[in-house]
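Student: Make a model of this:
(one chain, ligands or ions: 1)
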Amino acid sequence: MTDTYLTLVNTGVTKTIAKRLGLPRPVPLRRHRPGQPLTGGPVLVLHDDASARDADVVAGQLVGWDLDVRRHAASAERYGAVVLVLTGAAHPEDLSAPVLAAAGTLRSLESAGRVVTLSRPATADDGPAVAAARQGVDGLLRSLAKELRAGATGNGVVVADGVPVDAPSVLGALRFFLSTRSAFVDGQPLAVDSAGGALPGDWDRPLAGRVAVVTGAARGIGAAIAATLARDGATVVAVDVPAAGEQLARVANSVHGSALQLDITAPDAGERILAHTLSRHGRLDVVVHNAGITRDRLLANMEPDRWDSVLAVNIAAQLRIDEALLAARGTRDGVLADAPRIVSLASTSGIAGNRGQTNYAASKGGVIGMVRATAPLLADAGGTANAVAPGFVETEMTARIPALTRQVARRLNSLQQGGQPVDVAEAVAFLASPQAGGILGRTLRVCGQNLVGA
Ligand code: NAD
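Tutor: Now for the predicted structure:
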């Protein structure tokens, strides 16, 4: 799906006109290519007084990733990224020095620059000043992200007390946010709950040796997930309805995986996924519940079959499939046995709500609740369940939205454009990776920081 406005304001004479008229000019986002440098310039690491040791650990790690790391802000320098280590902040006043030092660098941040905060979560066990400092980082981050320009983003890693800053998922999330893999993730704090997980042997192929099932893989976001997981080393089982069989076969062939024609609402869908995956590939490590439908209507006009079909595909089928897979663990070899991952597609509609989408939002809110309660069921094997909540993404699903509404919807985020399927796929691939093993039952938004709602 093309965004004509984005093309016009970035090319030729229309670019000049848009500039003169002061129209919003979103820039095309830079996407990941294997082998690409992690950041577009030096990385500045700043910290508050009490976070000096954590900042040293983080800086050491960044050097290990071959980044050019600086520890003091220089006004003449153009940074590719600024990392704010605020894990020790115990009073809101502790934030001042590092934040104001970062402020002086923002105007000259490289295009597609990155600001990443590392902080601790505010809990009821904290003293009021500590909780204020910690929650203050959240507000700071969300506002800062709205001020960044030229495809730059601001995101945060919120590290649970007791989890060291060099835990696999802290480093994994930091690397994801620094890289172009997170191009359409903006203004998002992501919690790391435990020191679980493992760093990959090869950051470019973290899923090598893993077998992943992707539902709804014939097109759109699902096809991009299949391609991205395969790029990262996984063997992919692509699942979609029989009516999409031809497209499905094309996707499966292109990723050298296998195709399974299946309506996921079938009562035996879980069994059929298991039978296919074990007989073809011998194991099942990752499940991506991506298949989803919309049947929009105001609730006052909602026909029962619209309500029921959305709930059936978007949440009931996932619950039934997970139940079958979880029951098979321990009784059949290779089923979600070693650091398994379940990643489900939610939606910002399930968080912020959306007029005309009560059925869809109930199903997607359901996904967010489901992963929270599923994560502990996989903990014994180092497993996780998490969700990705896309905002407006350019697919056939959103192409059906009336033209004017579509134009408005894709501009209403900090990056002023719709995401691409690959942006969602990159977030899914990150949550499916070994380095995300400490992220438990969370929902990561891929929405360019939607300006409306939560
Ligand atoms: P899409 O309509 O382009 O593709 C969905 C795929 O799921 C299709 O190939 C379809 O055949 C398949 N599918 C539908 N019902 C199925 C069933 N019963 N069994 C098996 N396969 C089935 O949608 P998309 O835009 O790529 O969305 C993918 C996921 O992302 C969905 O869960 C959607 O709700 C979610 N999402 C999308 C957006 C967006 O802006 N596009 C935003 C938020 C969330």
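Student: Buried ones in stretch 66-80, by neighbour count?
Tutor: L67, V69, R70, A73, Y79, G80 (16 or more other CB atoms under 10 Å). C-beta: built from backbone N, CA, C; applies to glycine.
Student: Please read the previous query as pertaining to stretch 101-109.
Tutor: Under the neighbour-count criterion of 16+ other CB under 10 Å, stretch 101-109 has A101, A102, T105, L106, L109 buried.
Student: swap in stretch 299-319?
Tutor: M302, R306, W307, V310, L311, A312, V313, N314, I315, A316, A317, Q318.
Student: Enumerate the residues of the stretch 251-400 of the chain near the ligand.
Tutor: 263-265, 290-293, 313, 345, 347, 390, 392-393, 395-398 (CB under 6 Å from any ligand atom).
Student: Could you pull up the contacting residues of P92?
Tutor: Listed by CB atoms under 8 Å, 6 or more residues apart in numbering, the contact set of P92 reads A129, A132, A133, G136.
Student: Name the nearest of those residues relative to the ligand.
Tutor: Nearest to the ligand out of the contacts of P92 is G136 (CB to the nearest ligand atom; 30.1 Å).
Student: element containing that closest one, please.
Tutor: Element membership of G136 [criterion: DSSP states H and E] is helix 128-147.
Student: since we're on the closest residue to the ligand within the stretch 51-200 of the chain, how many residues are nearby?
Tutor: Going by CB to the nearest ligand atom, the ligand is nearest to F184 of the stretch 51-200 of the chain, at 10.9 Å. F184: 29 surrounding residues under other CB atoms under 10 Å.
Student: wait, it sits on Q449?
Tutor: No. In this structure, F184 is not within contact of Q449 by CB atoms under 8 Å, at 9.3 Å.
Student: Mutual contacts of the two, please.
Tutor: Here F184 and Q449 have L415 as joint contacts, going by CB under 8 Å, 6+ apart.
Student: mind checking how far the closest residue to L229 other than its chain neighbours is from the ligand?
Tutor: Among residues not flanking L229 along the chain, A212 sits closest, at 4.9 Å (CB to CB, 6 or more residues apart in numbering). Applying CB to the nearest ligand atom, to the nearest Å, the value for A212 to the ligand is 16 Å.
Student: now the strands: where do they sit in the stretch 151-300 of the chain?
Tutor: 153-159, 188-192, 211-215, 235-240, 258-261, 286-289 (DSSP state E, counting those that start in this stretch).
Student: closest to R445 out of these?
Tutor: Nearest of these to R445, taken as CB to CB: strand 188-192 at 5.5 Å.
Student: Please pull out the lowest mean pLDDT helix or strand from the chain.
Tutor: Across the helices and strands of the chain, mean confidence by mean pLDDT, DSSP states H and E is lowest for helix 12-21: a mean of 70.
Student: And the next helix or strand past it?
Tutor: Per DSSP H and E, helix 12-21 leads on to strand 43-47 as the next helix or strand towards the C-terminus.
Student: Strand partners (parallel or antiparallel) of that following strand?
Tutor: Strand 43-47 has the following sheet partners, assigned by DSSP bridges: strand 69-70 (parallel), strand 81-85 (parallel).
Student: which one of these has the most crowded surroundings?
Tutor: Highest mean neighbour count among these (mean count of other CB atoms under 10 Å): strand 81-85, with a mean of 27.
Student: I figured L144 hits G154, correct?
Tutor: Yes. L144 is within contact range of G154, at 4.8 Å (criterion: CB under 8 Å).
Student: Pick out whichever of the two has more residues nearby.
Tutor: Neighbour comparison, L144 and G154: the larger count goes to G154, with 28 against 22 (by other CB under 10 Å).
Student: Contacts for stretch 221-230 next, please.
Tutor: Stretch 221-230 has contacts (CB under 8 Å, 6+ apart) with 207, 212, 214-217, 236, 238, 240, 247, 251-252, 254-257, 286, 288, 290-291, 345, 390, 393, 395, 420-422, 424-426, 428-429, 432.
Student: hmm, back to that, top of the contacts of P92 by neighbour count?
Tutor: Highest count within the contacts of P92 by other CB under 10 Å belongs to A133, 25 neighbours.
Student: and that residue, what is it in contact with?
Tutor: Shown in contact with A133 (CB under 8 Å, 6+ apart): L86, A89, A90, H91, P92, D94, L95.
Student: Same question for R210.
Tutor: Residues in contact with R210, defined by CB under 8 Å, 6+ apart, are G233, A234, T235, D285, V286, A432.
Student: Let's see the pLDDT reported for the residue of the stretch 51-200 of the chain closest to the ligand.
Tutor: Per-residue confidence (pLDDT) for F184: 98.
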